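Asks: here is a sequence with its predicted model. Questions after.
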Amino acid sequence: MIRVLLAEDQAMVRGALSALLSREKDIEVVAEVARGDEVVKTALATLPDVALLDIEMPGGDGLAAAQALQKALPTCRSVILTTFGRSGYLRRAMESGAVGFLLKDAPASELAIALRRVMKDERVVDPDLALAALSEGNNPLTNREREVLAASLFGASLAESAARLVLSESTVRNHLSTAMQKLNAQNRMEAARSAEQKGWL
């Protein structure tokens, strides 16, 4: 029996996934959580074989949860299930220790098959997304460049970004300039949107 923990903040989606998986004779949903910061605690209490994690949740995203879970309960395999088919997310998921990355718009029948493959120590990745990740290449941005671009996404001024990141305005300007060059963007908003679409922020 494959024991599954579901981490999904939308109750309707979580309920549908649980009902879908419960139809399988060899799969049992042993726990459900709606927040990223509940994943490890619940996993330690219920000892699932697989954690099915959404990326965007309150209390921490699924990528951080996968990383924390790998340290706290290495026997549990993490699979990311998301609507966000961004190649950068795929790379970050694999770096976080996830062994699967599936899109929510994939056929429902593929989910149970994917869980069985993961239990055989296979990696399961949406093929189109894997191809996109290869063609995109690696994330060229440093952590600091990602931080200043993320601040730009929400329309923060240079002064606001500098204050939030505890940097000088000239340092923020330099990081933005470098990031814009790397992403071949005309301005910081274009650079921020481009990086977000690739899943690099």
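Replies: Ah, there it is.
Asks: in the helix or strand encompassing Ala112, what counts as buried?
Replies: In this assignment (DSSP states H and E), Ala112 forms part of helix 109-119. Residues of helix 109-119 classed as buried under the neighbour-count rule (16 or more other CB atoms under 10 Å) are Leu111, Ala112, Ala114, Leu115, Arg116, Arg117, Val118. Any C-beta I mention is one placed from the backbone N, CA and C, and that applies to glycine too.
Asks: can I get the residues you listed in CSV including pLDDT?
Replies: Shown next, in CSV, are these (pLDDT from 0 to 100):
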residue, pLDDT
Leu111, 91
Ala112, 92
Ala114, 94
Leu115, 95
Arg116, 96
Arg117, 95
Val118, 95
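Asks: just those residues now: which is nearest Gly199?
Replies: Checking the buried residues of helix 109-119 against Gly199 with CB to CB, the nearest one is Ala114 at 20.1 Å.
Asks: verify the stated contact: the closest one with Ile80.
Replies: No. Between Ala114 and Ile80 there is no contact under CB atoms under 8 Å: 11.0 Å.
Asks: what touches both of those two?
Replies: When contacts are counted by CB atoms under 8 Å, 6 or more residues apart in numbering, the set common to Ala114 and Ile80 consists of Gly100, Leu102.
Asks: what's the helix or strand for Ala65?
Replies: helix 62-72.
Asks: residue most distant from the centroid, the chain?
Replies: The C-alpha centroid of the chain is most remote from Ser170, which lies 31.8 Å away (CA atoms, centre = their mean).
Asks: gap between that one and Arg3?
Replies: For Ser170, the distance to Arg3 equals 53 Å [CB to CB, to the nearest Å].
Asks: all set now, cheers.
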